[in-house]
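with the input below, show me the fold.
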Amino acid sequence: MVLNFNKKVIKFYGDAKLRGESMEGYDIKPVEKNKRTFTLLTVLAIWFGAGISIAEFWAGALLTPALSLGMAIFVIIIGHILGNAVMGLIALEGEETGLPTMVLSRAPLGIKGSALPSILNYLQLIGWTAIMLIVGANAMNAVSKAFGFESYALWVILLGFIVTGWTYIGPKNWEKLEKIAALLLLALSLWLTYVTLKRFPLSELLSKPGTGEIGIMLALDLVIAMPLSWAPLIADYSRFARDKSSAFWGTYLGYFISSSLFYFVGALTNMAIGKGDPIEIIAAYGVGIPAMLIIIFSTVTTTFLDVYSAAITYKNISPKVDAKKQVLLVGFLGTLLALVFPMEQYESFLLLIGGAFVSLAAIMITDYFLIRKTYVSEELLDENGPFAGYNLKAIAIWGIGFVFYMGLAIEGLFGIHIPLLSELGFKLGSSIPTFLLVSILYYISRR
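Residues are numbered from 1 along each chain as shown. Next up, the predicted model:
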């Protein structure tokens, strides 16, 4: 991911300076208009880089052979069209206010109420840090086997150290490496697609029927869950965009192109080879040392977002916290969790995230675009102002949405059948019904 945070883009504010924090961009106060220099291409590069991830390979592999390849492609496109729309709208909120996402959630939930999703987001970002380290370490292991060496724990610790160190030293040094990593990963995905199609003709792969372990709508939820998992982070970066068009379309198109492509490569290779982890294919095709470098770059450039935004999220809970210490803590906890996290729970992890943040995204978008239509940034930062305390109605609706989502998804997650809800979830999925229900309930409660 290209994170063009430089001294001209981001300045420290107020007490962050007094505490002597040395990294730009680690504050929750609004970014001034004249200091927002992210162009359309910059924002697009950020989210293009986010989608260039081995995790997308792996998530795409979950879709096949349960679905036919043709249906998987259809689900990937529709899921990203819908999920990326949510990303784009939250990006607009960030550009118009200059505030990070969790601070924006203060408007519907209250300042104290926003601590609830902030805590959850903080925990899920640690979880995503672990997931990315797991996927990266497994990939490194698969490649290193060709050289007669393997050590999953070593690769986790090494990648965790690099991610944490990269985040800690500051963003201004990353631009060139991020661009190189993005280009390398794009080249790898195109090459892998070519090699796979050369060995397994597309017409042959498209003719294979799905095995039917998951329904189409549940598969759609698996796709939507990926862009929605980024929703609590979007405004952290769009607040530096020059204008609304750069914020919305840079976010939407950047992530749409790369994430859809990598989902497709994962689905394609798993349908062709029948392996649960497409990275094994990279090792089988003999990429060797270049693959190791690509894996390291992709893991670092994507996982940095989780570590960075975890620090920003925690500052919404406790504004006086030292962000640099939070970077070290999140990196350490993510690495520790990666050493013990069960990889087979990855699918459930994605859906559980969706359950929490589909509801939150619905409330935030409804509140901003249909109820208030504008926020005063200073009021959102004033702990004695109009947004102080809790908005219990909004919090209750958020909870209802989460319970409803889980009721729809629980059979697919854990095999527990709930009459009516399970049938509805199989036909319509969980994300779209939950988003609509929460939006309607919140709108009615405000009107």
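
how near is residue 66 to residue 410?
Separation of residue 66 from residue 410 (C-beta to C-beta, to the nearest Å): 18 Å. For glycine as for every other residue, the C-beta is placed from the backbone atoms N, C-alpha and C.

now do residue 365
Distance, residue 365 to residue 410, using C-beta to C-beta: 25 Å.

of those two, which one has the most company?
More crowded of residue 365 and residue 410, by other C-beta atoms under 10 Å: residue 365, with 22 against 19.

quick check: which element contains the closest residue to residue 137 other than its chain neighbours?
Counting by C-beta to C-beta, 6 or more residues apart in numbering, the nearest residue to residue 137 once its immediate chain neighbours are dropped is residue 155, at 3.8 Å. Residue 155 belongs to helix 152-169 when assigned by DSSP states H and E.

just the CA trace of that helix, in CSV.
Extracted in CSV, the C-alpha atoms of helix 152-169 (Å, rounded to 0.1, in the frame of the first residue of the first chain):
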residue,chain,number,x,y,z
TYR,A,152,6.5,-21.3,11.0
ALA,A,153,7.2,-19.7,14.3
LEU,A,154,10.4,-18.1,13.0
TRP,A,155,8.6,-16.6,10.0
VAL,A,156,5.8,-15.2,12.2
ILE,A,157,8.3,-13.6,14.5
LEU,A,158,10.4,-12.2,11.7
LEU,A,159,7.4,-10.7,9.8
GLY,A,160,5.9,-9.4,13.1
PHE,A,161,9.2,-7.6,13.8
ILE,A,162,9.4,-6.1,10.3
VAL,A,163,5.8,-4.9,10.4
THR,A,164,6.1,-3.4,13.8
GLY,A,165,9.5,-1.8,13.0
TRP,A,166,8.2,-0.4,9.7
THR,A,167,5.2,1.2,11.4
TYR,A,168,7.3,2.6,14.3
ILE,A,169,9.9,4.4,12.3
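
now do it: which elements does it pack against?
helix 115-144, helix 289-317, helix 323-338 (3 or more C-beta pairs under 8 Å, 6 or more residues apart in numbering; DSSP states H and E).

tell me, how many residues neighbour the closest residue to residue 368 other than its chain neighbours?
Computed as C-beta to C-beta, 6+ apart, the closest residue to residue 368 that is not its neighbour in sequence is residue 93, at 5.3 Å. Using other C-beta under 10 Å, residue 93 has 24 other residues around it.

now do the contacts for residue 93.
99, 101, 104, 235, 238, 364, 368, 375 (C-beta atoms under 8 Å, 6 or more residues apart in numbering).

now which of the residues you listed would you call buried?
The neighbour count (16 or more other C-beta atoms under 10 Å) marks 99, 101, 104, 235, 238, 364, 368, 375 as buried among these.

of those, which pair is most distant in space?
By the measure C-beta to C-beta, 238 and 375 form the most distant pair in the buried ones among the contacts of residue 93, at 14.2 Å.

ok so, going back, need the helices and strands packed on helix 152-169 in CSV (columns: distance to residue 257, mean pLDDT and mean neighbour count).
Putting the helices and strands packed on helix 152-169 into CSV (distance: least, C-beta to C-beta, whole Å; pLDDT from 0 to 100; neighbours: other C-beta atoms under 10 Å) gives the following:
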stretch, distance to residue 257, mean pLDDT, mean neighbour count
helix 115-144, 20, 86, 23
helix 289-317, 15, 82, 23
helix 323-338, 27, 92, 20
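
which stretch among these comes nearest residue 31?
So among those, helix 289-317 is nearest, using C-beta to C-beta, at 12.2 Å.

backbone dihedrals for residue 241, please?
Main-chain dihedrals, residue 241, degrees, to the nearest 10: phi -80, psi 150.

check contacts around it.
Taking C-beta under 8 Å, 6+ apart as the contact definition, residue 241 lies against 36, 38-39, 42-43, 91, 94-95, 247, 250.

which residues sit in contact with the closest residue to residue 421 other than its chain neighbours?
Leaving aside its chain neighbours, residue 421 sits nearest to residue 407 (4.2 Å; criterion: C-beta to C-beta, 6+ apart). Residue 407 is in contact with 418, 421, 425, counting by C-beta under 8 Å, 6+ apart.

now the first one. Its backbone dihedrals?
The main-chain torsion angles of residue 418 are listed as degrees, to the nearest 10 and equal phi -120, psi 120.
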